[in-house]
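[1] Whatever this is, show me its structure:
(chains A and B)
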There are 2 protein chains.
Amino acid sequence: MAQFRTLPGFREFYPEEFARKSRLLAAWRAVARSYGFCEFEPPVLEQLELFTEKSGEEIKSQLFEFVDKGDRAVAMRPEMTPSLARMVGARAGAIRRPVKWFAIGENYRYERQQKGRLRAFYQYNADILGESSINADAEIISLLVDSLRVFGLDQSHFRVRLGDRTLWVLFLQSMGVDDARMVGVLSVIDKLEKVSREALREMMDAALAGSGVSAAGLIADIETLVQIRSIETLGQFLEQKCPGNPDIPSRIKDWNALIDLLGGLGVDKFISVDMGIVRGLAYYTGFVFEAFQIVGSGRALAGGGRYDNLVGKLGYQPMPAVGFGMGDVTVSDLLELVGKLQSDDFSPQVYVVIGSENLRKEALDVVRRLRAQGVRVDYPLKAAGFGKQFKQADAVGATYAVIVGLDELNAGAVKVKNLRTAHEYTVPISSSDLASEILK
Amino acid sequence: MAQFRTLPGFREFYPEEFARKSRLLAAWRAVARSYGFCEFEPPVLEQLELFTEKSGEEIKSQLFEFVDKGDRAVAMRPEMTPSLARMVGARAGAIRRPVKWFAIGENYRYERQQKGRLRAFYQYNADILGESSINADAEIISLLVDSLRVFGLDQSHFRVRLGDRTLWVLFLQSMGVDDARMVGVLSVIDKLEKVSREALREMMDAALAGSGVSAAGLIADIETLVQIRSIETLGQFLEQKCPGNPDIPSRIKDWNALIDLLGGLGVDKFISVDMGIVRGLAYYTGFVFEAFQIVGSGRALAGGGRYDNLVGKLGYQPMPAVGFGMGDVTVSDLLELVGKLQSDDFSPQVYVVIGSENLRKEALDVVRRLRAQGVRVDYPLKAAGFGKQFKQADAVGATYAVIVGLDELNAGAVKVKNLRTAHEYTVPISSSDLASEILK
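    Residues are numbered from 1 along each chain as shown, chains lettered A, B, ... in the order given. Okay, here's the model as predicted:
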């Protein structure tokens, strides 16, 4: 006789936990739909190669991957973006653009076990494909902000830090970093806040090896750049560092236009200029952003950016794209911290109390009629005395007890007790609108 | 450059398909909640042994099973019942009874590929644990019926065939079948409708080998039994075959009481007495049932029954249980066949048309205000002429076009066009309730 355990890092939702998740997901869905986004759902299992093609062979060590009974190398999805690109790519000829899609689902990563690191986690993703203009970036960033604001979070709870891979590439090119070393240098910049000065220097030396670029000088400029908090200063610094490069002022114009659009959408006050956000992954190509809580741990809540090359890289017609991902655990933790965590309440509204066991069939008829009117109704499955039934009515969270008893039935009625107010009243059992007469 | 494919038998939901599934799932959730059932969610991946313990080692050949990076034998869930039993069993001491839980989720089976056989399929499960009386059986069967009726299906579309493992066991014991051969004989009866007479005879010979019971005689009785469609006849036949066995009339009483309860719940008219339903699986212990469509292919839509031994078998405190499972594919197919398949409609209600590109920011403000009021709003991310914008408004399924143009703005208004009726009107842009003034 084994006793079984949930696998380490996996989640299971008992009803209370499900009701909390349900509230979160319903709120995200409502916001995404108010933005005109359509929900889709990718498969849980995909060809392994879909993920290694996007992220490199290294990703394998973090995947739940195996060979299936048909000798296919497969993996449980660690994220939904590759599947999104595959699904949109496969119908690129027929699909209306811009593609504004979102998905909410569980992803799986074989993470080394540590506190708070789960191997199964829900993620909410929203993406716009087929539109390269910053109008799409603004729409996605605004959706991200509103997907947090919907819970009552405001500027005192979170900020969105906005960086730009395009500006970094322009700057690094001017500094002499060639294309082959670009992604390596960007990943070092991504680690700026996470590692010591010495470690950073070592990593930068390695990334620049053989290029003739001075790591020390570059790090000094980078440290200045990531401190800048205004577009104007950003422009001045970069134009001074890269004189005569026309792409810099042009990109600064994009920045101003993007902030202007975000102003139109009412979310500019959540945005910080912050070149410290570069997003380590190789596949980002333009504006990148991360939402951080500014209370408690300061953890990242969501992140995303523009990735114009992924669909083409997977073998389909190239298509520009911008999107974000947001996890349910960090958002729930923040909501709990600030006292805004709520649950959906699906408790029965009515508990039907059966006066005596030989009236069960009459009671079931009341149950049936109320349910048919859309009321959530529970009743005892075991014969039980009044006291026990009222206790159970409380335990399941019912608001009304409806007593089907002999005296009441003989008078053509049922007795109702509002369990919150203790108010009692009778309702004619023949009423054609039993629900409204009881729930008043 | 690879082009990627969905794995064979796996499903992905483009927005149109998602909207259909969403409608189905929302209806099931509403019905289950009206019955006072709580939703839970088991993990997608479990210890392999959880499934082999319930179903035997043979199940392995149908599983997506593998050894994870921590050397654990794991499997993607082929069904949710073992996880349910594990979750309830693990908290048996603390959990309120009866446990009325439901779950909707995708399950995975490595089925040999054939038309309509999927390897990933959604299932809706509802179970009552901790209550052994037929009140629980009645509640579950009623929920099953209402979970099909919710779509407008009625007696002309489906029936529930009700069988009874308890009666079969009582009868077979009387006929001389011992406990060791019981499950084998029941699985043969389960195949009655699916195999030829000769095949049946051979299987029965094998199941009875060494028992001294005549396969021919038993098959003749079984064929009579499965033809019976009334409880009275069932009782008469069995009392004649098993004279003096007091358990038979007692069980016939249960049958009458169950049908009576189903009458109280308003679903008795959907039920057929049908001992042909035995459910092959070893773990059923009492009443068993299957819902069949009676139009088109006659396929099974749902099935279930009582399984009082599973929780104990998995190593927990024994707990009686009854439940059903229903698949999304067969139900969707039936709804399509009878013209009752519907989709959720999450189309934007409003499409904001931007009069000229320099008014984009003013247009975004209108977008923002409407979304904040809960309206689903879309707008062009690319600069486009009026004609193209109206075309897009149609394409996304918007009901209203709201035109933000210079003349209108100068007059402090926006122009609204109802795209269904072509009716046009203007609304003051400063209105504090823009949504109601536009959506009228």
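[2] pLDDT below threshold where in chain A?
    Applying pLDDT under 70 to chain A flags the ranges A:1-2, A:115-116.
[3] by contact count, what packs against whichever helix in it runs longest?
    Longest among the helix segments of chain A by residue count, using DSSP state H, is helix A:15-34. Judged by 3 or more CB pairs under 8 Å, 6 or more residues apart in numbering or on different chains; DSSP states H and E, the packing partners of helix A:15-34 are strand A:38-39, strand A:99-108, strand A:120-129, helix A:134-149, helix A:328-337, strand B:38-39. In this view, the C-beta of every residue, glycine as well, is placed from N, C-alpha and C.
[4] Show residues contacting it.
    A:13, A:39, A:102, A:104, A:122, A:124, A:126, A:143, A:146-147, A:150-151, A:326, A:328, A:331-332, A:335, A:341-346, B:38-41, B:101, B:346, B:371, B:374-377 (CB atoms under 8 Å, 6 or more residues apart in numbering or on different chains).
[5] Just give me the neighbour total for the residue in the stretch 101-250 of chain A that chain B sits nearest to.
    Using CB to the nearest CB, the single residue of the stretch 101-250 of chain A nearest to chain B is residue A:135, 4.2 Å away. As a burial measure, residue A:135 scores 21 neighbours (other CB atoms under 10 Å in any protein chain shown).
[6] Check the gap between it and residue A:99 for me.
    Per CB to CB, to the nearest Å, residue A:135 is found 14 Å from residue A:99.
[7] next one: residue A:152
    Residue A:152 is 31 Å from residue A:99, by CB to CB.
[8] cool, and residue A:275?
    With CB to CB as the criterion, residue A:275 and residue A:99 are 29 Å apart.
[9] Tell me which of those two has more neighbours.
    Counted by other CB under 10 Å, residue A:275 and residue A:99 do not tie: residue A:275 has more neighbours, with 26 against 22.
[10] which parts of the stretch 151-300 of chain A sit against chain B?
    Residues of the stretch 151-300 of chain A that fall close to chain B, judged by CB under 8 Å from any CB of the partner chain: A:260-261, A:263-266.
[11] Could you dump those into a markdown table and include neighbour count and secondary structure?
    Listed next are those as a markdown table, based on neighbours: other CB atoms under 10 Å in any protein chain shown; DSSP: H, G, I helix; E, B strand; the rest coil:
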| residue | neighbour count | secondary structure |
| --- | --- | --- |
| A:260 | 15 | helix |
| A:261 | 23 | helix |
| A:263 | 17 | helix |
| A:264 | 19 | helix |
| A:265 | 21 | coil |
| A:266 | 19 | coil |
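[12] Give me the nearest residue to residue A:425, chain neighbours excluded.
    The shortest distance from residue A:425 to any non-neighbouring residue, by CB to CB, 6 or more residues apart in numbering or on different chains, is to residue A:416 (5.4 Å).
[13] In the sheet, which residues pair with the one you found? Tell me.
    Assessed by DSSP bridges, residue A:416 has beta-bridge partners residue A:402, residue A:425.
[14] which residues does it contact?
    Residue A:416 is in contact with A:400-403, A:424-427, A:438, counting by CB under 8 Å, 6+ apart.
[15] Am I right that residue A:285 is in a strand?
    No: judged by DSSP: H, G, I helix; E, B strand; the rest coil, residue A:285 forms no part of a strand; its state is coil.
[16] so what's the nearest residue to it once chain neighbours are set aside up against?
    In space, residue A:285 comes closest to residue A:308 once its chain neighbours are excluded; the distance is 4.6 Å by CB to CB, 6+ apart. Residues in contact with residue A:308 (CB under 8 Å, 6+ apart) are A:132, A:285-286, A:318-321.
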